[in-house]
Each structure stands twice: as structure tokens, then as C-alpha cells.
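Trainee: Dropping the sequence and predicted coords here.
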Amino acid sequence: MKPVAFDYIMADCVDAATATLAGAGGDAKIIAGGQSLVPMLNFRLLRPSILVDINRIPGLAFIADDSNAIRIGALTRHHRLETSPVIATHLPVLACAMTHVAHLAIRNRGTIGGSLSHADPAAELPMMVLLLDAELGIASTSGRRSVAARDFFLGALTVDLAIDDVVTEIVLPKLPPTTGWGFEEVARRGGDFALAAVAATLNVAGGAITEARIAMTGVGETPKRAPEAEALLIGRALEPASIDAAIAAVRAGVEPPTDLHASSDYRRHLVGVLAGRALAAAWRRARRTAA
Amino acid sequence: MSKALPIKLTVNGVVYERNVEPRLLLSDFLRHTLGLTGTHVGCEHGVCGACTVLLDGDSVRACLLFAVQTDGCRVETVEGLGSINRMNPLQQAFREHHALQCGFCTPGMLMSATDLIRKYPLATDDEIREGLSGNLCRCTGYQHIVEAIRAVIGKSGDAPR
């Protein structure tokens, strides 16, 4: 349970980090919070020659209110997101999701950029950036680019990052105050990875849903949206029949894994139940702000 | 073996300067290099919570940090809370409420609880249980640990420092 020896480089700026990554030709890893990386190093599942520590790069940990969007620095720790008044005001569903991310000692250390780059199939943050139509800012030796969350997650622990790419910030469009939201998760113990989790938002005008978003985690190799379920909710109130139809569409759209903790069938059942609850909570909140 | 790097950090108020191999975990640094064996090592992959310490005031898993990363930082371990003859209020409450049996998880429980009490209202016992879900105890069933923490919050309403 000890890592293989590696060289340690503390990067003082993003350009130094990307240059080191490029120079190592894929044999270097970034360490941010390290809450997923270090277990993999301890188990020797990963054996990088170089660890590039980005923890002391100035200006990478921030939450900025930027007119229509919230910009979050990649090095922002989970506990800061959990307790930020800016997040609570403009992205309350994210604030709620953060309370489900691991335990306090992990949230004190873990970062949003690290969680997204690691892309655990049962983690909350990948699902949340997918729900909220986020854009990821990425730096490399050849410049900066932006990738939509929906294009970022390619497979289990696999994302659209080249060997010299570093996620630097996440841009999340604000939710209007009238948007209703719900977040539902079932895990074996509080703070464990989700057996399944669902987050939903609803915009309502004149008693009818104008926009519906549903995102899920724990039920496939990557987080997923539920486009069929989202589409069939539009143009009417949330009623028992439409909830049932959405649940059926959610279940039909996933192919969950079977593992030690739960079977595929159980997860498919569960994700439907959670989607129903998340939609009902989102509807209640949307109606409350409309009243 | 990669080159050892010099670090200087404060542990429980004492400044230490050492050369460390980059792969040396903070938990092993505390135990083997400094001889502070109060911090326990259970799972070494961030699940059990036995190695929890405070880093610049925040609870962290010492097994998920490399000692080299703590250069310039302030670390507090269970040895910094109190001594056998002068336990702090949280330690005293653990003793009074029988919140430990074998004691293996206790250092992590104490350090986690110290941070939890400071950061959360812990208005209900459910919130205390939720907060402790990252620290595994195989003896007590947690009930007495929850009672000890409840007693401390009830007593002072502040973090036991």
C-alpha cells in the first residue's frame, strides 16, 4: 500500500504544469486534491514517473459571479462549494449535491477540477456539470480551449483531456431564481459513492413546464442526461401520469452496471424512483417561487 | 528511488525540518519519521478515517497526502489535543461516555469531530452520525461516540480547543 517512487514537481503556474506534462509524454500525473489519485497510487494502479502538484498555483481556486454565469476555479475545494453563498443563491441544486460528496475530510481537500478530470462513474460533480450545461476551460501547451460538459465524459475514468491538458475553470450558467430543482441519491452509507443519483431542474410558466433537465450518475460508464424524459415533460404540468412516463423513459435509457453493491436491475429500478422524487421536488420548488 | 526533498512544517506547535522522499505519505511521516504514533493507519486509501489529522485547521486524511505537500503547513494530530493527565473537553467526553473500546479509530474520530463541531451546527444526532460517516468504528456501534460529541456541543456550543 505504498506508491511507486516518483519525482515531485510543484508547479508555480499553469504553463509550467502543462509544459511538464508535455515533456513527460504521458508519464506524469497532476495532483490536485489527490482524494482519488492517491488511493490509486497507494494501490499501484497508477505508476507515474512524475507527479505535478498544482495546489500552490495562484488564482486557480475561486468562485466568481460573472453576470449570467458562475465561474469556478478548478482548484476550488468541495467544502467551499458546499458552503458558498454565491452557489447557494445561483446554483442551489449544486450546493445540495455537494453535501453528498464523500466526507468532510475529503471535501476539505478534493477539488472540482480533479473530480471532473477523474470522472468516476458514480461521482456527483460530473453529473452536476452535465445537468447545468457547464463549459470546462482547459489549458495546454498549445493554448486554451473550452469543452462542453456533454462532450467531456467519454467513458469510465475517461475524459476529453490530452496528456498536457489541465482543467482550469468551470463555467456554469446561473439558474433563474424561479427554477425548481431536486436532488436524490441512494448510497450504502452517507458519503459513499452513489448506487444511483438523479438531479433535475424544471422551469415553469403559466402552470406548464417550459424546460426540463434530468441528469443521472451511477447507472453507466459516464453520467447521463435523460433527453426522452426531458422532452415528454415539456408543455404541461407535472402530473402523476407524466411522472410515470418520465420514470419509464429514464429506466429505458440506462444500462446500469452490476457490482458487489447492487444489480443492474436494482439500479434501473432505483434510478426511476429517484427521478420521480427529484422531479416532484423540482415541481414543488418551481410552483412555490411562482406563487 | 527519487530524490529526497527538504520540508519544514509545524506539527502540534513544534517546527520540524526533514528531508522526505516524495512518495512518503503524511501518515507514515508522522508515525515513522517523527515518532508520533497517535495517528493510526487503517486502510491507506481514504475509507476508514483512522489517520485523520488537521492540516492548517481543516480535517484531512493523512494517508491521502504526501509529506512533501505539507511544506510550510501546520499539522495537528491527536497528540496535540491533550495528554492523559490533561485531556481536552472532547477527549474527556469520550472517556465519560465510553466512546471507545479498542481505541483504534479514536484518534481519527477525535480529529474529525473537532472539525465537524467547528463547521456544522450538528443540531440533531442524525447530523452527527452523517458527519461521522467517514470514520469507521467496529466496536462501539457509534452510539456512545454520538453521545460524547452531543455532550460537548451541549456543554460549550463551541469547538473544544
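Mentor: Received the coordinates, thanks.
Trainee: hey, let's count contacts and neighbours off CA atoms from now on
Mentor: Noted.
Trainee: can you give me the end-to-end distance of stretch B:82-89?
Mentor: 9 Å (C-alpha to C-alpha, to the nearest Å).
Trainee: anything in stretch A:8-24 near chain B?
Mentor: Yes - residues of stretch A:8-24 contacting chain B under C-alpha under 8 Å from any C-alpha of the partner chain: A:Tyr8.
Trainee: Can you point out the buried residues in that stretch?
Mentor: Neighbour-count burial for stretch A:8-24, counted by 16 or more other C-alpha atoms under 10 Å in any protein chain shown, picks out A:8-11, A:14-22, A:24.
Trainee: ok, and what's touching that stretch?
Mentor: Applying C-alpha atoms under 8 Å, 6 or more residues apart in numbering or on different chains, the external contacts of stretch A:8-24 come out as A:27-29, A:50-58, A:139-141, A:163-166, B:22.
Trainee: Likewise for stretch A:86-104?
Mentor: With contact meaning C-alpha under 8 Å, 6+ apart, stretch A:86-104 is reached by A:63, A:65, A:70, A:78-79, A:81-84, A:107, A:123-125, A:128, A:174-177, A:181-183, A:185, A:190-193, A:199, B:59, B:116, B:131, B:133-134.
Trainee: on that earlier part again, can you add pLDDT and secondary structure and give the buried residues of stretch A:8-24 back as CSV?
Mentor: Listed next are the buried residues of stretch A:8-24 as CSV, based on pLDDT from 0 to 100; DSSP: H, G, I helix; E, B strand; the rest coil:
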residue, pLDDT, secondary structure
A:Tyr8, 98, strand
A:Ile9, 97, strand
A:Met10, 97, strand
A:Ala11, 98, coil
A:Val14, 98, helix
A:Asp15, 98, helix
A:Ala16, 98, helix
A:Ala17, 98, helix
A:Thr18, 98, helix
A:Ala19, 98, helix
A:Thr20, 98, helix
A:Leu21, 98, helix
A:Ala22, 98, helix
A:Ala24, 97, helix
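Trainee: Check those residues against A:Leu132 and report the nearest one.
Mentor: Nearest to A:Leu132 out of these is A:Val14 (C-alpha to C-alpha; 26.1 Å).
Trainee: Just the closest of the buried residues of stretch A:8-24 to chain B, please.
Mentor: Lowest distance from chain B to the buried residues of stretch A:8-24 (C-alpha to the nearest C-alpha) belongs to A:Tyr8, with 5.9 Å.
Trainee: Just give the nearest non-adjacent residue to that closest one, would you?
Mentor: Once flanking residues are discounted, A:Tyr8 sits nearest to A:Leu51: 5.0 Å by C-alpha to C-alpha, 6 or more residues apart in numbering or on different chains.
Trainee: Report the secondary structure state of that neighbour.
Mentor: strand (DSSP: H, G, I helix; E, B strand; the rest coil).
Trainee: my read: it touches A:Ile31, true?
Mentor: Yes - the pair A:Leu51 / A:Ile31 is scored as a contact, 6.4 Å apart, by C-alpha atoms under 8 Å.
Trainee: and the closest residue to chain B within the stretch 101-250 of chain A, what is it in contact with?
Mentor: Of all residues in the stretch 101-250 of chain A, the one sitting closest to chain B is A:Ala105 (4.4 Å; C-alpha to the nearest C-alpha). For A:Ala105, the contacting residues are B:Thr52, B:Asp58, B:Ser59, B:Val60, B:Arg61, B:Ser112, B:Gly134, by C-alpha under 8 Å, 6+ apart.
Trainee: so B:Val41 touches B:Val53, yeah?
Mentor: No - if you go by C-alpha under 8 Å, B:Val41 and B:Val53 don't touch, sitting 11.5 Å apart.
Trainee: These two: which is more packed in?
Mentor: A direct count of neighbours by other C-alpha atoms under 10 Å in any protein chain shown for B:Val41 and B:Val53 places B:Val53 higher, at 31 against 22.
Trainee: I'd like the secondary structure assignment at the more buried one, please.
Mentor: At B:Val53 the chain is in strand, as set by three-state DSSP.
Trainee: hang on, the earlier thing: can you tell me which of the buried residues of stretch A:8-24 is nearest B:Cys105?
Mentor: Distances from B:Cys105 to these, taken by C-alpha to C-alpha, are shortest for A:Tyr8, at 31.1 Å.
Trainee: For the closest one, give its distance to A:Thr20.
Mentor: Distance from A:Tyr8 to A:Thr20, by C-alpha to C-alpha: 11 Å.
Trainee: what's A:Pro257 in contact with, if anything?
Mentor: A:Val219, A:Gly220, A:Ser263, A:Ser264, A:Arg267.
Trainee: what separates it from A:Thr217, distance-wise?
Mentor: 11 Å.
Trainee: what about stretch A:240-254, distance to the chain center?
Mentor: 23 Å (C-alpha atoms, centre = their mean, to the nearest Å).
Trainee: Please apply the same query to stretch B:146-153.
Mentor: With C-alpha atoms, centre = their mean, you get 17 Å for stretch B:146-153.
Trainee: who does the helix or strand hosting A:Gly276 touch, helix- and strand-wise?
Mentor: Element membership of A:Gly276 [criterion: DSSP states H and E] is helix A:264-290. On a contact count with 3 or more C-alpha pairs under 8 Å, 6 or more residues apart in numbering or on different chains; DSSP states H and E, helix A:264-290 meets strand A:180-186, strand A:196-205, helix A:240-252.
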